[in-house]
Every structure is written in C-alpha cells, then in structure tokens.
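*Asks:* Sequence and predicted model, in that order:
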Amino acid sequence: MAREQTGYFAVHKQQCLGALKELMRRPLGNILTLAVLSFALTLPASFYLLAKNVALVAQAWQNPTQLTLYLDQNISQPVANQFSDQLRGWPEIESVEYISPQQGLTDFRDHAGFDQALSLLDENPLPSVVVVRPASEWQTSERATELAAKIRTEPTVDEVRLDSDWLQRLAAIKDLAVTMATLMSGLMLFAVFLIVGNTLRLQVQNHKNEIQVMKLVGATDSFILRPYLYTGAWYGFIGAAVAWVLTAIVTILLDNAVAKLAALYDSSYRLVGLRWDETLILFMVAAFLGLLAARLSAGRHLKEIEPI
C-alpha cells in the first residue's frame, strides 16, 4: 500500500514538473500567453486595491469627530458656561469646548483676514458656540445623529451642525468603488478562464496523434488529461506571480501621488498594497481558474479524440 501511494505521488510529481518543462520548451508562445494572463490578473488585483484603499479611507473618516452647537443669541455667558458644564456630565459626550462670542470673533479676525471689515461692525454678530466630541461608542453616524437630536431639545441651543452629508457621499463613493471592483474582477477572471481554456484546447488538438497512440496502448482519459491540468495550474500560478509584481509596481508608482493628495487634507495616508494572505488568495484563485479551464476545455476535446 505504501509503495502504491509513493508511486501515485511520484507520478503526479513527474507530470507536474513535466508540464512546467513543456512550458519552457516553447518560450515564445507561452510568454505571450502568460503576458496576456498577467495583465488580465493585474486588472482585478488593481481594482481590488482601489476598493480596499477607498474602504480604508472611508473607515478612517466615517465617524463624525464633533458636533457644533450654536447657542441662542440672547443667553448670557454664565448661562452658556453652565450649559457647557452640564454637557460634560453626559455619558454620551467625551469632551466639551466652549467658545465665547468674543473669542470666536478674535479667531475669525486672526484666521480669516477680515480685520478691517469686522472693525466696521457695531456689535459682535457671532453667537456662543459649544464644540462637542461624542464618546467612542457614539461616534457612528446613526448614534451621532441621535445625540444631535437630543441636544436640539435643549432650550439654550439654537442650532446643531453635524457634518453627515459628506460622510454619506464618501460612503456612496466607497460602495461604487467596491461594486466596480467586483464587476471588473469578475469579467477579467472570466477572461483568464477563457484564455487558458482556449490555449489548452489548441494544445490538445496539436497533440492529437500522440493522444491517439496513448489511447491505443491503454492510457485512460484521466491519465492523459493530468498533464494538461498541471499546465493550466502553472499558467495561472505564473500569471499570478507576474501580476503580483505588476500590482506592486502600480502601488509604488501611485503611492507618491496619493501621499501628495493626502497632504492637502492634512493626512499622512499612504497607499496600502496586498497583504500576504491576499497574495495567497490571488495565487490560489489564478491556479484554480487555470485548473478548471483545463478540466472543462481540454477534458471535453480529449474525449472527442479516439484511436483510429
């Protein structure tokens, strides 16, 4: 039994290495095929990285960091301070910053450059402002909206601003990127399947005479098909290796541009590439597609070849 198992695995090893050597014997045609496969696999990998990075950016910015409360113009500063102290005791709130009308006018004059224009005003038009940072468990859009609705019921609050519109747009962009990545990846992976299947179909036709001789001496269809299965797997594996290199090059080339764009928004975000587990999935999917294409395409044409 042990010898049979050893012989079984030895035959598989021999046919696997033989399929690889056969690829090396015809470098020109196989290089062209592998180049097409590599570019076809690079596109879904690149689209996946696009969707992944957009999702990471959306995740980093999906939570509102603060709510801005504009208090009633008629309340006095002691009342505003008392209200700020009251908010600090709420369990939903992590921190509270009170900005008086005078402080707001000073900040506006210093940062906006409207010093001369503001000097023409008879009185300060700015209201008291309270900047609220929700606690970590209230940082989601739904919970922050609930907190904003609760704060609006306070009699001293005139208006509550929650920047949720741009968060919804960012979420829509993320969904669009994920959908496009899924559709394009599906189409390109199907193209990989067709390329490998057509290539192996032609190989079966070219080896028609050899297959007829092998069937005459008693070789089974599964034994004859096995080298083509390994060839399809090698096509997918090598194509995935080249696609990984191309994807890494694309990531490196785009990283500088992404860093410059992030710097404009005071962020140090850098483009994230494929992790080791994602790389493993890429190799496994590509090899499986090659194996499946060989099984369906070469296997069907192999059954049509009968010894004369």
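*Replies:* The structure has been received and is ready for your questions. Numbers count the residues shown, from 1 in each chain.
*Asks:* show me what contacts H301?
*Replies:* Going by Cβ atoms under 8 Å, 6 or more residues apart in numbering, H301 touches R201, V204, Q205. In short, each C-beta sits where N, CA and C put it, glycine included.
*Asks:* can these go into a markdown table with extra columns for neighbour count and secondary structure?
*Replies:* Below are the contacts of H301 laid out as a markdown table (neighbours: other Cβ atoms under 10 Å; DSSP: H, G, I helix; E, B strand; the rest coil):
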| residue | neighbour count | secondary structure |
| --- | --- | --- |
| R201 | 19 | helix |
| V204 | 21 | helix |
| Q205 | 13 | helix |
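*Asks:* and Q212, how far is that from Y228?
*Replies:* 16 Å (Cβ to Cβ, to the nearest Å).
*Asks:* whoops, I mixed them up, V11
*Replies:* 15 Å.
*Asks:* ok, these two, which is more surrounded?
*Replies:* Neighbour totals were compared for V11 and Y228, and Y228 leads with 26 against 12 (other Cβ atoms under 10 Å).
*Asks:* May I see the buried residues of stretch 276-291?
*Replies:* Using 16 or more other Cβ atoms under 10 Å as the test for burial, stretch 276-291 gives T279, L282, F283, V285, A286, A287, L289, G290, L291.
*Asks:* Tell me if I'm right that the fourth one and V192 touch.
*Replies:* Meaning V285. No. Counting by Cβ atoms under 8 Å, V285 stays clear of V192, with 9.1 Å between them.
*Asks:* shared neighbours, these two?
*Replies:* G236.
*Asks:* tell me the contacts of D221?
*Replies:* With contacts taken as Cβ under 8 Å, 6+ apart, D221 has the following neighbours: G299, L302, K303.
*Asks:* now do 10 Å
*Replies:* I211, M214, K215, G299, L302, K303, I305 (Cβ atoms under 10 Å, 6 or more residues apart in numbering).
*Asks:* For it, give me the pLDDT.
*Replies:* Per-residue pLDDT puts D221 at 76.
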